[in-house]
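> Provided below for reference: sequence and predicted model.
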Amino acid sequence: HIFGYPAEIAALEALGLPIVEDACEALGAIDAEGVTVGGRANPAVFGFYPNKQLTTGEGGMVCVSDAATKARIDSERNQGRAPDMGWLDHDRLGFNYRLSEIACALGRAQLERLDELLASRARVAALYREGLSELAVEQGMGLPCEDRGAERRGWFVFVVQIPTGRDRDGVVRGLRERGIDSKPYLPAIHLMSFYRERFAHRDGEFPVCEDVAARSLALPFYPELSDGDVTRVTEALTEILQTVPV
Ligand SMILES: Cc1ncc(COP(=O)(O)O)c(C=O)c1O
């Protein structure tokens, strides 16, 4: 569920393979069948790092649909202890993946504001979409895909596609010179140095992915962005795209 966009899990389920859903970026998203992401009975993981829709500082959440899996995960994240916390009864190999009480308190306070936080993100996304619509039509800049049918994105980032042939890194520099941070996001994973070195991946193996990654740019995105902030970013982007060389 990358960028908070609900993946087509129903189509994957039809293949009959076991599925673990990475919903780290998609808290609050709803899929095409109207099911909240994480609610399809496949194990689903959510991340609560500070850039996420809801944060506990670090850590996350696993959603499962049966009591036995929950009991196993509860134990494994708690050093393999028995559910009753019998101190010396480690009946399986476990780890310390416990979320601290302080982190949980932060998360619970955020949870009370979740609807408001999601709505604010959706508001900022709508402002960007409106502010960038001319660039999309006139310069061919790609905007995030629209929700289809029952789908609802759980807005995580606002990523645009710089028009083909334009210097994306030049756009990043231009924004930085105007005091606006942006990030080339996401890079193609197979071209990261670890995967290149370990598995000998090279440019050209996945041309569609590489083209999308080379043109992707994440704009400033958080619930408190004001209308004026968004206008500043969209005007800067428009100005830069008129001057950055082809
Ligand atoms: C799609 C996705 N998967 C996994 C992760 C990893 O989450 P964590 O570092 O909390 O395990 C993230 C967070 O950055 C993410 O965005």
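Received, thanks.

> domain assignment for this structure?
Following automatic domain parsing, one gets these domains for the chain: 2-113, 115-243.

> CSV for those, including mean neighbour count, distance to the ligand and mean pLDDT?
(C-beta placed from N, C-alpha, C; glycine too.) Shown next, in CSV, are the domains of the chain (neighbours: other Cβ atoms under 10 Å; distance: least, Cβ to the nearest ligand atom, whole Å; pLDDT from 0 to 100):
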stretch, mean neighbour count, distance to the ligand, mean pLDDT
domain 2-113, 15, 3, 93
domain 115-243, 16, 8, 95
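
> would you list every one of the strands in the chain?
Secondary structure of the chain (DSSP state E): strands at 21-22, 44-47, 60-63, 158-161, 216-219.

> which other residues reach the fourth one?
To tie it back to what came earlier, the one meant is strand 158-161. With contact meaning Cβ atoms under 8 Å, 6 or more residues apart in numbering, strand 158-161 is reached by 3, 124-125, 128, 132, 141-144, 185, 212, 215-219, 221, 237.

> give me the subset of these lying in helices.
Among those, the members falling in helices (DSSP state H) are 124-125, 128, 212, 215, 237.

> what about residue 198, distance to residue 189?
12 Å (Cβ to Cβ, to the nearest Å).

> next one: residue 232
32 Å.

> what of residue 47?
Between residue 47 and residue 189 the distance is 17 Å, computed by Cβ to Cβ.

> with residue 118 instead?
27 Å.

> what of residue 142?
20 Å.

> check residue 28 too.
Where residue 189 is concerned, residue 28 sits at a distance of 25 Å (Cβ to Cβ).

> residue 237 against residue 134, yeah?
No: using Cβ atoms under 8 Å, residue 237 makes no contact with residue 134, being 10.8 Å away.

> I figured residue 45 hits residue 64, correct?
No: counting by Cβ under 8 Å, residue 45 stays clear of residue 64, with 10.1 Å between them.
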